[in-house]
Each structure stands twice: as structure tokens, then as C-alpha cells.
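Trainee: Fold the following for me, if possible:
(chains A and B)
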Number of protein chains: 2
Amino acid sequence: MGLIVQKYGGSSVANTERILNVAGRVADAYKEGHSVVVVVSAQGDTTDDLIVKANEINPNASRREMDMLLSTGEQISVALLSMAVERLGCPVISLTGYQAGIMSDSNYGNARIKNIDTERIFRELDRKNIVVVAGFQGWNRFDDITTLGRGGSDTTAVALAAALKADLCEIYTDVDGVFTADPRIVKNAGKLDDISYDEMLELASLGANVLHNRSIEMAKKYNVNLVVRSSLNKSPGTIVKEVGNVEKILVRGVARDNNIARVAVIGVEDKPGIAFRLFSLLAKEKISVDLIIQSIGRDTTKDISFTVAKGDLTRTLEVINRNIGLIGAKDVNYSDKYSKVSIVGAGMVNNPGVAAMMFEALYDADINIHMITTSEIKISVLVDIQDAERAVAAVHDKFNLGEIGSR
Amino acid sequence: MGLIVQKYGGSSVANTERILNVAGRVADAYKEGHSVVVVVSAQGDTTDDLIVKANEINPNASRREMDMLLSTGEQISVALLSMAVERLGCPVISLTGYQAGIMSDSNYGNARIKNIDTERIFRELDRKNIVVVAGFQGWNRFDDITTLGRGGSDTTAVALAAALKADLCEIYTDVDGVFTADPRIVKNAGKLDDISYDEMLELASLGANVLHNRSIEMAKKYNVNLVVRSSLNKSPGTIVKEVGNVEKILVRGVARDNNIARVAVIGVEDKPGIAFRLFSLLAKEKISVDLIIQSIGRDTTKDISFTVAKGDLTRTLEVINRNIGLIGAKDVNYSDKYSKVSIVGAGMVNNPGVAAMMFEALYDADINIHMITTSEIKISVLVDIQDAERAVAAVHDKFNLGEIGSR
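Mentor: Alright, predicted model coming up:
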């Protein structure tokens, strides 16, 4: 018996049948004696449909008006889910982001939660109401609606769990939890019973698509007990938590990310400040750079390669070409035919043999490696996009991840 | 150059093309130097679609959650219209009912505006913004969303015009203004250049379908300059205003209302208090009664006949049958095969010949009259529903309304 925050994504409330299913789960938790706060996303394709409508009218609509528009998706969901819960005879109330006290900054379209005034939610919980909160939305100091950007409903759920000091934050999705690899690629991918925040962070940023980075960072910061589970069955899911003893932990999962492009800046002068100049130009344009490799100077020049998200490629090339004199480069080239394959595990840093095992697996599978980077808990390699699935499977096998799903 | 409130209904913003058309009209008014506040309804069938969705999930959903749901329709409209206005290069901001300061009571689904905090709207107008306000919605003292019931967007517009002390409140619709009769029934129906609040009130309640009663009552109370005009052309429309000299005014329009049912309570005792008992029972159930006729006692009993809206018929019969002993009636019968035909004109009370002319027109057309009621500015008769259109045409001809559209 405690306070539980449950979050259901857009596919979990996509139609009447699924909404009634979610209402059943919510009511079950309530009847077990818990205080229940539910965060919901917009139904299925609602947000995309609204964006299409907006683009028809004005492709350059202001972000403030886009937020005014898009926030209706979640408002519809909370009302419908509350009606479904009413039907099951449980007391319930829906709240918009504003009503739930979710205050954000004013970066429309990608706002950050600044603080949560929990008074209203606690008042409703005291009245024994189930509280259904619209995800993805906030309210700024100008009394305007904001939206929280990609993965915003996860962020809402974790932020509420932190602010309400909830005992548990359950993230419901359409998979059973976090896997050692994408089950669509690797047949014997195993479900992890638990995973650390840091490992989850690396997997999320590598395209595991289960939880958004911002929500995991927040869960880690406020030590929120997270569990990722399926809304379609009673499987216990994967617990995301601070893991104490990481000595014996090796590789926890393999992930692939096709949404990358590789850019190479060729023949820059081998003198201090060049990399700084290049990457500060990109940072100014809010382009996130991932893998970076700087070749050791052969003559008086060197090459700098890095990866960006595919969607940022055009802007990246524009920025570099506009400043090519400033950077002092001879040429720039790019490719979007690569994929990034990564292994993640909190104990990796203490086990130097891990990288070698990964490279061996790829060599055995005759897969060429274009770039490599490593961090304390992650090793990423760039491979040809058509080799990516084979690479994931080969690495997954090498580390016997099919067997060590749970530790 | 002044402050104008414009209201556009759901059909005026039903699709991208129409939204861009409305944006053009709004921008034109702004470029003429006016301060412009726009009130919009939900697009086309949005509200009905949402109701269908809700009924699928829970046919007995609470009215609070229905309001949470339905208010999204207007929020979508204000965002889209603002984007369209942005595209035309005019500064604009959309506001929900709450943001516009529209405070209501807590009668969810049919709330009344209690007061309007105009601070935000005036601040936006001071910044030279066009202000687009969601119609039909308010905010109550529990920090919850309410909706204003049928015709709610008209009410929003008139209430804003009153609170902002606007110079003009323009109600845009898909007809050119107020006519002497329904142009679909009467070919030579004439558009009225102006009409008094009281006449408009009678016409609205008689099914003229142009403006909702509550908005006209409010316009009258706060002396708001109203004009009803088409969103599809530049026709000047019909001005609704306080008319000074009503001596020479006769009949202004003929209206028909098919949405009625006649109920007769037969053989009640001829003693004081019976009518009071009957109609207070109906009032308790919030059933509005229109025409009432009580027959003169023949023996020791009398009959009471009245009309209600068709949608209230079943409940009316239930109430009466449940209380038939209390009322002391022998029997109750009903018919929904009648139509109410009415003539309206502020000068009628001083011209006793008017009623006779109406009856003569119906007699000449061989149309039987079942019930009659009169007020200071209205005469209504109940006729068979299949005679209603002929009755409207005959009366319209008799009073030469095709010629006297304008006074």
C-alpha cells in the first residue's frame, strides 16, 4: 500500500478497447489499496494528425501555438480514461498539466519542468480519487501551455513520482521490459529483471526506445524507483534502479542505432583550437554530436570525423561549409549509410577484455568497423548499415546474453 | 477604429480553406486599425465526434469529464486560426477560456459566466496582438474547466464584448443575417437591416437558429451592439439593437419550430393550485414548458395542455404519470405531430388587428389552429406539422414581409 505513479503511452490508449484495458489495470491498483496517479499520452496518432492539420494551415506556425494545439491530445486522453475508470465504479479526476501544477520553462515545444506544485494532486488523493494527469504538457510563467518534447510523458511521470515521493513509478509500454537486444533482431534476446540507471541511459540513447533519456536522468537524480512493464500482460517487467555491486557485471545489452550520419572534416591544420572551433559552431546551432574521432596528424594536417542524427545532417554540412575558411579545412564529406552498434554494461570499465571480445565477434562475422568509441559503461562501433543486424546478433551471442538476461 | 469582437461558428472554421478565409477577415479588420478579439467554436463536427467517443467508453460519464473532453474542440480551433493569422503576418495569440479570464459557475455542461477578468486580453491588445479566444468554455472556482452549453460561443462573444466595452460584436454565420422568414421555406423572405433585442429573442427561441437566447439577453442587458452577418461574403448583415420608436412597427418576421410536443392533462379537478402543482413538478425536473392553455371548466373538471421540446417529452410523461394521483388527473395524452408558427414584432401590442390578420391568413390557406398564445411582441399558433411550411408562407404574404425587410 503506497503511492504509485503509472504511465501509459499513446498505443496503450489508442482505442476504446485499450482505454478500458488500462482503466482495468488502474482500478486494480486502486482496489489493492494504493494511491494511484496515472499519466497518459495522446491516443495513437493524434499528435501526428494534429501536426498535419497545422502544417496545412501554416508550415511555420509559432511553437507557442503548436503547443496550444498539441496539448489537446493528452487532454482528450485523460478525459476518456477517467470516464472509463468512472465506469468501473472508482472515484477519479482528470487534470491538465496546469491543474496538476506542472510548471515549466518557456521553451515551447521542448520545455523543461521547473517545479511541481503538488497541492491539487494531494488534495485529490486525500479525497480518495484516482488522479489522471495529462502527460507531455506544462505551464509557464506567462500563463501559457508548453509541451515537453519527445518522451515528454515519461518525464511527466518520473517528475511527478519524484515530487510526490511515490513508492514506485511504473512505465507501461507494449513490450515486456528492457531486453538484452531488440527481440525483432535477436531471437533469443532475454528480458532483464533489472538494470542500472546508467545502463538504461546508454541503452535509451542508443535507440532502445523504451524510456527517454531525460526521464531516466531525472529518475536517477531523484532516486525514483522505476519499472518498465507491458500494459498487455502481467509480466513483472524490468526494474531500473541504482545498482550497488557492479564488479561482476559485464555486458547487459546490445543496441543498434540507424539514425546517424557520419561527417568527416578533411585536412584541417594540426594546431590547437581547431576541434573547439568546429564543435562550438555546431553547439551554437544546437546540433548534438556523438562519436568523435580525430586522426593523428600524418603531415601538417589531420581529419576530424563525427556522427550526428540524420535529421541534423543538412544543417551540419551548411554550418561547416559556411565556416570552412574559419575551420581551415580542405574538404568535408559525409555518409548516412552507417549504423552504430553498442554494448552496455556497468562493469565494463574494470574488464578490459570486453572490447576485444566485441571486436572478435565482429571479425568472426566478417563485419568491418569504421569508427570506435568507448566510455566507462559503453563501447560503440560504426558499421555498414546492412551489417548492423548481423553485428547485433553476433555480439549478443558472443556475450551469451540470451542466457544472462537476469543476474 | 475601435474594439471589435468577432465570433465565428463551427461551420466557418470547418476546414483549412475556411480557416484561412476567416483569418483573412480577421486580418482585414486588424489592418483597418481596429483592436480585434475573435471567439471561435469547435470545427464542424468535432464536438459530436468527441461525444460519440465518450459514449463508447461510458454513456454515463460525469459532466465534469465531458467538459474536460469537449473543451479541446475549441482549443484546437483557436490554435489553428491563430496559425492562419500568423501566416498573414499579423501578430496574434490564442487563449483558452481560462487564459481569457472567463470565470463561470460550476454547472458543468451548462455553466453560466459569472465574471470576466479582462487583464490578460487587454495586455495582449496593448501589445497589438489579435486575440483569439476559445468559445463555449469557462473556468470555475475549483480550478476546473466548464462548458457553457448550447450557443455557448455566442455567449462568450457577447460577454467579452460587454466586459471589454467593445464598440461592436459581430456574430458571423453562414446566412446573410436575420430574415423575415426561413428563406428555404419562403422564397421572397427579406433580410432585416435591423431588429430589436426583444424581437430577436422571440425569433431565436422560435427556432430562427441565428443567435442563442442567452447571448441576446446578455447583449440587451449590457447594451452590446450586435450585428449578425455572413462569414462568406461582405453583406452588411442585420444589426440587433435597442429600438426607440416602436409605434409604427408591425410584424418583423415569421418563424416555425418543429421541435415541440403537445401534452394534454385531462380531467383535472377545477380547484386552485392544480396548475401550480403540475408545472412546479416539471420545473423541478428542469423541463421547460412553452405554450400553456387551460380550458374553462365544463363540469367539475378541466384540461391543461402545454408544449415541451420533443427531447423532453418522455421525461415529461414519466413525471406526470408518476404523480398522476397528486395532480388528480383522469388521463394524459400527447402528440408530436404539431409545429409552432409565430409572428414577432415589437409594435404588435398596440395593434389589435394583427392577430386577426394572422388567423385570416391561416383560414384562407385552410390550415387548422390547435392552440394559440400571445405575448406583447409575439403571437404563436400550433398547427399540424405538415401544414407548417404553408402556414409560414401564407402569413409571410399576408403581412407583405417580402417587401418590408427593412424599415
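Trainee: so is the residue nearest to A:Asn233 when sequence neighbours are not counted in a helix, a strand, or just coil?
Mentor: In this structure, A:Asn233 finds its nearest non-sequential neighbour in A:Asp176, 7.2 Å apart by CB to CB, 6 or more residues apart in numbering or on different chains. Every residue, glycine included, has its C-beta placed from N, CA and C. For A:Asp176, the assignment made with DSSP: H, G, I helix; E, B strand; the rest coil gives coil.
Trainee: Tell me where the model's unsure across chain A.
Mentor: By pLDDT under 70, the low-scoring segments of chain A are A:205-209, A:243-249, A:296-299, A:347, A:349-350, A:352, A:403-407.
Trainee: Break it down into its structural domains.
Mentor: A:3-174, A:260-335, A:338-398 (automatic domain parsing).
Trainee: And those: which comes nearest A:Met218?
Mentor: domain A:3-174 (4.8 Å; CB to CB).
Trainee: Between the two ends of the closest one, how far is it?
Mentor: 23 Å (CA to CA, to the nearest Å).
Trainee: Out of the domains of chain A, which is closest to B:Ala84?
Mentor: Among the domains of chain A, if distance is taken as CB to CB, the winner is domain A:3-174, at 5.0 Å.
Trainee: before we move on, back to that, would you reformat the domains of chain A as a markdown table and include mean neighbour count and distance to chain B?
Mentor: A markdown table is the format used below for these (neighbours: other CB atoms under 10 Å in any protein chain shown; distance: least, CB to the nearest CB, whole Å):
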| stretch | mean neighbour count | distance to chain B |
| --- | --- | --- |
| domain A:3-174 | 22 | 4 |
| domain A:260-335 | 16 | 23 |
| domain A:338-398 | 19 | 37 |
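Trainee: List just the one of those domains that sits closest to B:Arg262.
Mentor: Here domain A:3-174 is closest among those (CB to CB), at 36.7 Å.
Trainee: tell me the angle of the lengthiest helix in chain A relative to helix B:63-87?
Mentor: With secondary structure taken from DSSP state H, chain A has its longest helix at helix A:63-87. Helix A:63-87 runs at 160 degrees relative to helix B:63-87, counting by axes from the mean of the first three to the mean of the last three CA atoms, to 10 degrees.
Trainee: Go ahead and name everything in contact with the following helix or strand past helix A:63-87.
Mentor: On the C-terminal side of helix A:63-87, the closest following helix or strand by DSSP states H and E is strand A:92-95. The contact list for strand A:92-95 (CB atoms under 8 Å, 6 or more residues apart in numbering or on different chains) reads A:78-79, A:81-82, A:85-86, A:120-121, A:124, A:129-134, B:64-65, B:68.
Trainee: Show me where the stretch 51-200 of chain A has its strands.
Mentor: Applying DSSP state E, counting those that start in this stretch to the stretch 51-200 of chain A gives strands spanning A:92-95, A:102-104, A:113-116, A:130-134, A:137-139, A:145-147, A:168-173, A:194-196.
Trainee: Tell me which strands the longest one pairs with, and in which orientation.
Mentor: Paired strands of strand A:168-173, with direction, are strand A:3-8 (parallel), strand A:226-230 (parallel) (DSSP bridges).
Trainee: residues contacting the nearest residue to A:Arg127 once chain neighbours are set aside?
Mentor: Spatial nearest neighbour of A:Arg127, chain neighbours left out: A:Pro91 (7.3 Å); criterion: CB to CB, 6+ apart. For A:Pro91, the contact set (CB under 8 Å, 6+ apart) comprises A:Arg127, A:Lys128, A:Asn129, A:Ile130.
Trainee: Now do the contacts for the closest residue to A:Trp139 other than its chain neighbours.
Mentor: Nearest residue to A:Trp139 in three dimensions, chain neighbours excluded: A:Tyr98, at 4.1 Å (CB to CB, 6+ apart). Neighbouring residues of A:Tyr98 by CB under 8 Å, 6+ apart: A:Gln137, A:Gly138, A:Trp139, A:Ile145, B:Tyr98.
Trainee: List the beta-bridge partners for the fourth one.
Mentor: On the basis of DSSP bridges, A:Ile145 is bridged to A:Trp139.
Trainee: who's in contact with it?
Mentor: A:Asp67, A:Met68, A:Ser71, A:Gly97, A:Tyr98, A:Gln137, A:Gly138, A:Trp139, B:Thr96.
Trainee: 7 Å instead, please
Mentor: A:Asp67, A:Met68, A:Ser71, A:Gln137, A:Trp139 (CB atoms under 7 Å, 6 or more residues apart in numbering or on different chains).
Trainee: Figure out how far stretch A:378-396 is from the centre of its chain.
Mentor: Relative to the chain's own centre, stretch A:378-396 is displaced by 20 Å; criterion: CA atoms, centre = their mean, to the nearest Å.
Trainee: What are the contacting residues of it?
Mentor: Residues contacting stretch A:378-396 (CB under 7 Å, 6+ apart): A:180-181, A:185-186, A:189, A:202, A:254, A:256, A:258, A:262, A:291, A:337-344, A:354-355, A:358, A:361-362, A:364-365, A:367-373, A:402.
Trainee: What distance separates the opening and closing residues of that stretch?
Mentor: 14 Å.
Trainee: and if you look at stretch A:219-227?
Mentor: 11 Å.
Trainee: So what touches it?
Mentor: By CB under 7 Å, 6+ apart, stretch A:219-227 touches A:158, A:161-162, A:167-171, A:197, A:237-242.
Trainee: I figured A:Gln99 hits B:Phe142, correct?
Mentor: No. Using CB atoms under 7 Å, A:Gln99 is not in contact with B:Phe142, being 9.7 Å away.
Trainee: Okay, the residue nearest to A:Trp139 and A:Leu50: tell me how far apart.
Mentor: Noted for A:Tyr98: a distance of 19 Å to A:Leu50, by CB to CB, to the nearest Å.
Trainee: Can you measure across stretch A:114-127, start residue to end residue?
Mentor: Stretch A:114-127: ends 27 Å apart by CA to CA.
Trainee: what are the ranges of the strands in the stretch 201-350 of chain A?
Mentor: Counting by DSSP E, counting those that start in this stretch, the strands of the stretch 201-350 of chain A are A:226-230, A:238-241, A:253-257, A:260-269, A:289-294, A:301-309, A:331-335, A:338-344.
Trainee: Give the pairing partners of the longest one; include direction for each.
Mentor: Which is strand A:260-269. Strand pairing (DSSP bridges) places strand A:260-269 next to strand A:301-309 (antiparallel), strand A:331-335 (antiparallel).
Trainee: Need the CA coordinates for the last one. CSV is fine.
Mentor: In other words, strand A:331-335. C-alpha atoms of strand A:331-335 as CSV (Å, rounded to 0.1, in the frame of the first residue of the first chain):
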residue,chain,number,x,y,z
ASP,A,331,37.2,19.3,-47.6
VAL,A,332,34.1,17.8,-45.9
ASN,A,333,32.4,14.6,-46.8
TYR,A,334,29.6,12.5,-45.2
SER,A,335,27.7,9.2,-45.3
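Trainee: Can you name the residues that contact A:Ile216?
Mentor: By CB under 7 Å, 6+ apart, the neighbours of A:Ile216 are A:Tyr197, A:Met200, A:Leu201, A:Ala204.
Trainee: Which members of the residues you listed define the maximum pairwise distance?
Mentor: Counting by CB to CB, the most remote pair of those is A:Tyr197 and A:Ala204, 10.2 Å apart.
Trainee: re earlier: ok, the contacts of A:Pro91 vs A:Asp331, which is closest?
Mentor: A:Ile130 (60.9 Å).
Trainee: would a markdown table of the strands of the stretch 201-350 of chain A with distance to B:Ser380 be doable?
Mentor: Compiled in a markdown table, the strands of the stretch 201-350 of chain A are given as follows (distance: least, CB to CB, whole Å):
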| stretch | distance to B:Ser380 |
| --- | --- |
| strand A:226-230 | 63 |
| strand A:238-241 | 71 |
| strand A:253-257 | 74 |
| strand A:260-269 | 75 |
| strand A:289-294 | 77 |
| strand A:301-309 | 70 |
| strand A:331-335 | 79 |
| strand A:338-344 | 77 |
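Trainee: who wins for proximity to A:Val37 among these?
Mentor: Here strand A:226-230 is closest among the strands of the stretch 201-350 of chain A (CB to CB), at 14.6 Å.
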